[in-house]
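1. Okay, here's the prediction I keep looking at, along with the sequence it came from:
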2 protein chains.
Amino acid sequence: MTAKSQTSWTGDVAGLLRVGEDFVLSGVDPSATPGYGSDKKQAAQDLASGIAELDLLQEKLFAQSRVGATNAAVLLVLQGMDSSGKGGIVRHVVGSVDPQGVSLASFGAPTDEERAQDFLWRIQRKLPRPGRIGVFDRSHYEDVLIGRVRDLADSDEIERRYGAINEFEREVAASGTRIVKVMLHISYAEQKARLMERLDRPEKHWKFTPSDVEERTRWPYYMAAYQTVFERTSTEHAPWYVVPADRKWYARLAVQHLLLEALEDIDPRWPSAGYDVALERERLAAT
Amino acid sequence: MTAKSQTSWTGDVAGLLRVGEDFVLSGVDPSATPGYGSDKKQAAQDLASGIAELDLLQEKLFAQSRVGATNAAVLLVLQGMDSSGKGGIVRHVVGSVDPQGVSLASFGAPTDEERAQDFLWRIQRKLPRPGRIGVFDRSHYEDVLIGRVRDLADSDEIERRYGAINEFEREVAASGTRIVKVMLHISYAEQKARLMERLDRPEKHWKFTPSDVEERTRWPYYMAAYQTVFERTSTEHAPWYVVPADRKWYARLAVQHLLLEALEDIDPRWPSAGYDVALERERLAAT
């Protein structure tokens, strides 16, 4: 594929990162760079060349959707602990695509209105339309992550949710949306360094809240909740990818790679004109 | 202001472009470059430096909004004839800002659901939240532009709308949103060239529809409808700017300049921490 031939990726990168059977989160090294054969400097160049490629693929898909030639879309689900770099992915990977082709949804604590509905209600409403790359900055998985760790729902309800998520995602995939689920995996030590940086730099103070420290003390419970998520919801139609994220440059490049693969798999083409080009040229010339 | 000092702008640019009393659209040269003292090459450099500036201002505003320190937002309303460059503004000016800080809404022909409501209903729902730059690609003004030219509503209703728009925008401005309304003004000849290019290049065929030629034949009626819009709705709290747009580089730079001015006027600052930084550093260090 183009994405691979032009860069320093080697092997089946998606395969390396994909959560398969017998996956164990604690066995993943957050500072590793699986499948990438070069360094940070080369990565900057590869990211730049991928930007143009991603942009072009997305524009073709958008064009097809505008003439009703496709139902395809891409949905990137981003999960990860605080400071794992979700915002950086949005900015540096997805931010390079024409804003008209992107729909971004951030899911914080649910509002009262949202809480009164099923947990998937607010998610359903933010699904990307055909031709778009949709990005979920946090997602329905919060309802089985913080939901589980903080006992925000009883255990029967948490259990029910895994099945509900799989069913929901099966329908979304069947409607033409490629689902790419990414956990940005940082180490406990790296999170400490990143949170400390937020405290050290006044222009980053707004990104820190005291509850970040409390959440951090629950780290092992979150890792266990992620492990369960992977076991229960990494499916053929909506696989999980665990992306080592202690090196931001690697995580960004890897997510870009996954998005490129999803779009290449859709293989969008410029649509042919639904009108007589020569005739329209004449009509226009006469004005 | 910074935006001016670092670039080739001279004089009160916003003042030059603003629709004031006695404004006559037909007196504006779409190929002019009011207030800009240099050429296309320099403009590329100025646009690049403005990108960093816009990004920083927006991030500060976003930071303030996140800690509840501001209600301010910016709303850019983009209007213009087909091929006037609205999409290019979205891509090259607004696309440089962190996607998390931007909310983009495109208004096409209203759906049945939208048609059953007042014309401002769908607009209200897409207003930017505090801290964001909202962009309307077409807007409520379509309801007094195509609405008037194509007789989509009776004349009493069209008349009512001007007042309703002013009242609506007054409320939006009072809530803290700086409204910047821009008409990208191209010439009749330039539109022909741009539409012809869409027919000449297969990868642009999807951007053309035969109705573009019909709409073009109504050009004088659209210009008259715009003239009326300017006379009735260019207010202190929501002024119109007519930006000559035959030169894309000028239009992009001018709109960037208007956005920079709006943000500089808000004057966002990094918020101070709402917690004890030293204490939090200790708590974090202990984990």
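-> Perfect, I can see it now.
2. helices or strands next to the host helix or strand of residue A:257 in the packing?
-> Using DSSP states H and E, residue A:257 maps to helix A:248-266. Applying 3 or more Cβ pairs under 8 Å, 6 or more residues apart in numbering or on different chains; DSSP states H and E, one finds that helix A:248-266 contacts helix A:2-5, helix A:13-17, helix A:40-66, strand A:73-80, helix A:86-92, strand A:177-185, strand A:240-244. C-beta coordinates here come from the backbone N, C-alpha and C atoms, glycine included.
3. Same question for that helix: list its buried residues.
-> Using 16 or more other Cβ atoms under 10 Å in any protein chain shown as the test for burial, helix A:248-266 gives A:248-263, A:266.
4. Residue A:237: what's its closest spatial neighbour, skipping adjacent residues?
-> Excluding its sequence neighbours, the residue lying closest to residue A:237 (Cβ to Cβ, 6 or more residues apart in numbering or on different chains) is residue A:173, at 3.9 Å.
5. What mean pLDDT does the host helix or strand of the one you found get?
-> Element membership for residue A:173 (DSSP H and E) is helix A:155-174. When pLDDT is averaged over helix A:155-174, the result is 97.
6. contacts for that helix?
-> Under the criterion Cβ atoms under 8 Å, 6 or more residues apart in numbering or on different chains, residues A:75, A:118-120, A:123-124, A:127, A:140-141, A:143-144, A:147-148, A:153, A:179, A:228-229, A:232-233, A:235, A:237-238 lie in contact with helix A:155-174.
7. Tell me how far the residue nearest to residue A:237 lies from residue B:118.
-> Distance of residue A:173 to residue B:118, computed by Cβ to Cβ, to the nearest Å: 38 Å.
8. And those two? Which one has more around it.
-> residue A:173 (16 against 13; other Cβ atoms under 10 Å in any protein chain shown).
9. For the stretch 101-250 of chain A, which segments are assigned as helices?
-> Taking DSSP state H, counting those that start in this stretch, the helices of the stretch 101-250 of chain A run over residues A:112-115, A:121-124, A:146-149, A:155-174, A:188-200, A:211-217, A:219-233, A:248-266.
10. Would you mind naming what in the stretch 51-200 of chain A lies close to chain B?
-> Residues of the stretch 51-200 of chain A that fall close to chain B, judged by Cβ under 8 Å from any Cβ of the partner chain: A:63-64, A:66-67, A:87, A:90-91, A:94-95, A:98-100, A:102, A:104, A:106, A:135, A:137, A:192, A:195-196, A:199-200.
11. sorry, back to before: which of the contacts of helix A:155-174 are buried, as a PyMOL select command?
-> Typed into PyMOL, the line below selects the buried ones among those, using 16+ other Cβ under 10 Å:
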select buried, chain A and resi 75+119+120+123+127+140+141+143+144+147+148+153+179+228+229+233+235+238
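12. What ranges in chain A fall below the confidence cut-off?
-> Scanning chain A for pLDDT under 70 picks out A:1-6.
13. let's go with 90 and repeat that
-> The model of chain A has pLDDT under 90 over residues A:1-12, A:37-38, A:69, A:96, A:147, A:151.
14. so which of the helices of the stretch 101-250 of chain A comes closest to residue A:59?
-> helix A:248-266 (10.5 Å; Cβ to Cβ).
15. how about the CA coordinates for the closest one, as PDB?
-> C-alpha atoms of helix A:248-266 as PDB (Å, rounded to 0.1, in the frame of the first residue of the first chain):
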ATOM      1  CA  LYS A 248       4.200  11.100  20.900                       C
ATOM      2  CA  TRP A 249       5.800  11.100  17.500                       C
ATOM      3  CA  TYR A 250       5.300   7.400  17.200                       C
ATOM      4  CA  ALA A 251       1.700   7.500  18.400                       C
ATOM      5  CA  ARG A 252       0.700  10.200  15.900                       C
ATOM      6  CA  LEU A 253       2.400   8.400  13.000                       C
ATOM      7  CA  ALA A 254       0.800   5.100  14.000                       C
ATOM      8  CA  VAL A 255      -2.700   6.500  14.200                       C
ATOM      9  CA  GLN A 256      -2.100   8.300  10.900                       C
ATOM     10  CA  HIS A 257      -1.100   4.900   9.400                       C
ATOM     11  CA  LEU A 258      -4.300   3.200  10.700                       C
ATOM     12  CA  LEU A 259      -6.400   6.000   9.200                       C
ATOM     13  CA  LEU A 260      -4.600   5.700   5.900                       C
ATOM     14  CA  GLU A 261      -5.200   2.000   5.900                       C
ATOM     15  CA  ALA A 262      -8.900   2.400   6.600                       C
ATOM     16  CA  LEU A 263      -9.200   4.900   3.700                       C
ATOM     17  CA  GLU A 264      -7.100   2.900   1.300                       C
ATOM     18  CA  ASP A 265      -9.300  -0.100   2.100                       C
ATOM     19  CA  ILE A 266     -12.400   2.000   1.100                       C
END
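16. C-terminal to that helix, what's the next element?
-> Moving toward the C-terminus from helix A:248-266, the next helix or strand (DSSP H and E) is helix A:277-285.
17. Next, the distance between the ends of stretch A:135-148.
-> End-to-end distance for stretch A:135-148, by Cα to Cα, to the nearest Å: 23 Å.
18. what's that stretch in contact with?
-> A:75-79, A:86-87, A:90, A:94, A:102-108, A:119-120, A:123, A:126, A:152-153, A:158, A:161-162, A:165, A:168, A:181, A:222, A:225-226, A:228-229, A:233, B:99-100.
19. Check the offset of that stretch from the chain's centre.
-> 12 Å (Cα atoms, centre = their mean, to the nearest Å).
20. give me every residue that touches the closest residue to residue A:254 other than its chain neighbours.
-> In space, and not counting its chain neighbours, residue A:254 is closest to residue A:243: 4.8 Å by Cβ to Cβ, 6+ apart. Residue A:243 makes contacts with A:17, A:182-185, A:250-251, A:254-255, as judged by Cβ under 8 Å, 6+ apart.
21. gap between residue A:243 and chain B?
-> Residue A:243 sits 19 Å away from chain B, going by Cβ to the nearest Cβ, to the nearest Å.
22. Give me the distance between that residue and residue A:180.
-> Going from residue A:243 to residue A:180 by Cβ to Cβ gives 11 Å.
23. picking that back up, any chance of the helices and strands packed on helix A:248-266 in CSV, plus distance to residue B:210?
-> Putting the helices and strands packed on helix A:248-266 into CSV (distance: least, Cβ to Cβ, whole Å) gives the following:
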stretch, distance to residue B:210
helix A:2-5, 35
helix A:13-17, 42
helix A:40-66, 15
strand A:73-80, 27
helix A:86-92, 38
strand A:177-185, 31
strand A:240-244, 44
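24. Select, out of these, the one closest to residue A:34.
-> Across those, residue A:34 has its closest neighbour in helix A:13-17 (4.4 Å, Cβ to Cβ).
25. buried stuff in the closest one?
-> A:13-14, A:16-17.
26. Identify the residues contacting the most centrally placed residue in chain A.
-> Nearest residue to the geometric centre of chain A (Cα atoms, centre = their mean): residue A:76, 3.0 Å. Applying Cβ under 8 Å, 6+ apart to residue A:76 gives the contacts A:94, A:133-136, A:180, A:182, A:255, A:258-259.
27. Identify, from these, the entry nearest to chain B.
-> Within those, the smallest distance to chain B is 6.2 Å, found for residue A:94 (Cβ to the nearest Cβ).
28. The closest one: neighbouring residues, count only.
-> 25.
29. in the sheet, who's paired with the closest residue to it other than its chain neighbours?
-> Take residue A:94 and drop its neighbours on the chain: the residue closest to it by Cβ to Cβ, 6+ apart is residue A:135, 5.4 Å away. Taking DSSP bridges as the rule, residue A:135 bridges to residue A:76, residue A:104.
30. residues near residue A:135, how many?
-> Residue A:135 is flanked by 28 other residues according to other Cβ under 10 Å.
31. Tell me how far residue A:118 lies from residue A:153.
-> Taking Cβ to Cβ, one finds residue A:118 at 11 Å from residue A:153.
32. now residue A:160
-> 9 Å.
33. again, but for residue A:104
-> For residue A:104, the distance to residue A:153 equals 26 Å [Cβ to Cβ].
34. and what of residue A:106?
-> From residue A:106 across to residue A:153, the span is 21 Å (Cβ to Cβ).
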